[in-house]
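Enquirer: from the sequence below, what's the structure:
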Amino acid sequence: MRVDVHAHLLPAALTDWRARTGDARWPALVSTPDGGRRLEPSGRVVDDHYWSLARRTEVLDGLGIDVQVLSPLPPLLPWWAEAGAAREWCRAVNEQTAAAVSSGQGRFLGLGIVPIQDTDLAAAEVDRIKDLGLVGVEIGTAVDAERSFADESVDTVLVACAEAGLPILLHPNRPNPYGTTHPALDAGIWLTSDTALVTAERLLRHPDAPAGLRVCLAHGGGSLPWQWSRVATSTGRSAELPEWISVDTAGCTCRQIDHLVEVVGPDRVLLGTDLPAGRRPAIAALLEGLESSPAHDAISERNPSALFAGIAVR
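Expert: Reported below is the predicted structural model:
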């Protein structure tokens with residue numbers, strides 16, 4: 001069985017919060033002159049693969065993926081907003097994610113989002129996420145304009161997730177501090193490096209975690225598995241990443257996955273595709289290459305099942 005732990009959902013029926021609030025920073029789907037759709041203000045061009053479970057199921061069948069874990073598209077994370085409005089937005093997104101999962105006939109699982117800028121409100125939303133039947137929490141690297149996932153205020157949310165038994169998918173979403181660069185550099189270097197940076201900052205501050213916490217770092221953990229030993233050597237820390245950290249394979253090649261298995265551990269690397277944004281030919285090649293890997297069953301099934309404490313399949 002193959003379980004994809006990193007794939008994104010864009011609910012098509014979100015309330016138009018731009019019109020409701022007069023704030024153009026809220027995400028909204030807009031029509032383009034050629035009849036397509038675009039997500040503003042990010043400018044990302046999207047099609048119905050982002051919200052249609054029928055179209056998504058066709059893709060999964062073609063790739064041989066049995067179960068997919070849906071997390072809201074990162075531009076939907078309202079880290080920049082006032083906390084009360086962010087809570088309302090998160091609740092609306094979580095309800096629509098839960099509805100999508102419910103309509104998927106066991107093919108899909110879902111992650112919720114929280115108003116992380118107010119960690120008390122975020123911790124309370126964790127319980128609601130569990131009540132909705134969602135199986136984890138997606139958290140961005142940005143808490144607000146000043147704080148990141150490394151900030152000690154986030155510990156309150158980590159405790160709540162651990163107590164609820166909900167794992168975290170840590171996904172990069174902070175703006176590029178280097179300003180305007182080529183979009184491929186943003187996606188390929190800055191975003192993944194940001195995951196590594198905030199995780200390493202947290203490890204330097206306090207490498208331990210609440211009992212039962214599980215955090216999966218998106219996109220192979222970025223540069224963290226490649227550079228943490230260098231950081232550890234210079235600071236007297238352990239070169240081993242703690243057991244509460246795992247990584248997914250979204251955007252990785254088979255050779256990179258071999259390195260992740262060696263450095264992170266064969267029980268903490270999980271299949272991720274980044275669909276529908278992930279390039280399907282590259283994903284197909286990755287899945288084909290993994291079939292000959294001794295870690296195939298662990299990456300594709302056992303590790304995802306362990307992260308989500310037993311996965312119900314169709």
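Enquirer: alpha carbons only for contacts and neighbour counts from here, please
Expert: Fine.
Enquirer: isn't residue 7 right next to residue 69, touching?
Expert: Yes. Contact criterion CA atoms under 8 Å: residue 7 and residue 69 qualify, at 6.2 Å.
Enquirer: residues near residue 181, how many?
Expert: Around residue 181 there are 10 other residues, counting by other CA atoms under 10 Å.
Enquirer: mind checking pLDDT for it?
Expert: pLDDT, residue 181: 79.
Enquirer: how close does residue 28 sit to residue 20?
Expert: 11 Å (CA to CA, to the nearest Å).
Enquirer: quick one, which of the two is more surrounded?
Expert: residue 28 (22 against 9).
Enquirer: OK, contacts around that one?
Expert: 14, 16-18, 39-41 (CA atoms under 8 Å, 6 or more residues apart in numbering).
Enquirer: mind redoing it with 7 Å?
Expert: 16, 39-40 (CA atoms under 7 Å, 6 or more residues apart in numbering).
Enquirer: identify the bridge partners of it.
Expert: residue 40 (DSSP bridges).
Enquirer: distance check, it against residue 285.
Expert: Residue 28 is 34 Å from residue 285, by CA to CA.
Enquirer: same question, residue 253
Expert: 9 Å.
Enquirer: looking at these two now, which is surrounded by more residues?
Expert: With other CA under 10 Å as the criterion, residue 253 and residue 285 differ in neighbour count, and residue 253 comes out ahead with 16 against 13.
Enquirer: what pLDDT does the closest residue to that one other than its chain neighbours get?
Expert: With CA to CA, 6 or more residues apart in numbering as the criterion, residue 253 has its nearest non-adjacent residue at 6.3 Å, and that residue is residue 286. We have a pLDDT of 94 for residue 286.
Enquirer: next one: residue 313
Expert: 50.
Enquirer: ok, residue 174 next?
Expert: 91.
Enquirer: would you mind measuring from it to residue 198?
Expert: 10 Å.
Enquirer: give me the common contacts of these two.
Expert: Joint contacts of residue 174 and residue 198 (CA under 7 Å, 6+ apart) are residue 141.
Enquirer: helices along this protein, start to end?
Expert: 17-21, 53-63, 83-103, 119-131, 155-164, 183-185, 191-205, 224-235, 254-263, 280-290, 296-297, 303-307 (DSSP state H).
Enquirer: and the ones you listed, which one averages the lowest pLDDT?
Expert: helix 183-185 (a mean of 84).
Enquirer: that one - contacts with which helices or strands?
Expert: If you count contacts as 3 or more CA pairs under 7 Å, 6 or more residues apart in numbering; DSSP states H and E, helix 183-185 packs onto no helix or strand.
Enquirer: what is the neighbour count of the closest residue to residue 198 other than its chain neighbours?
Expert: Setting aside the residues directly before and after it, residue 198 is nearest to residue 150 in space (CA to CA, 6+ apart), at 5.1 Å. By the measure other CA under 10 Å, the count of residues near residue 150 is 21.
Enquirer: do you know how far residue 150 is from residue 253?
Expert: For residue 150, the distance to residue 253 - CA to CA - is 28 Å.
Enquirer: what comes up buried for stretch 91-106?
Expert: 91-98, 100-102 (16 or more other CA atoms under 10 Å).
Enquirer: quickly check the residues you listed for the two that are furthest apart.
Expert: 91 and 102 (16.3 Å; CA to CA).
Enquirer: quick one: the spatially most distant residue from the centre of the chain and residue 19, what's the gap?
Expert: What lies farthest from the middle of the chain is residue 33; by CA atoms, centre = their mean that is 31.3 Å. Distance from residue 33 to residue 19, counting by CA to CA: 21 Å.
Enquirer: count of neighbours near the residue nearest to residue 92 when sequence neighbours are not counted?
Expert: Closest residue to residue 92 apart from its sequence neighbours, by CA to CA, 6+ apart: residue 14 at 7.4 Å. Applying other CA under 10 Å, we find 14 residues neighbouring residue 14.
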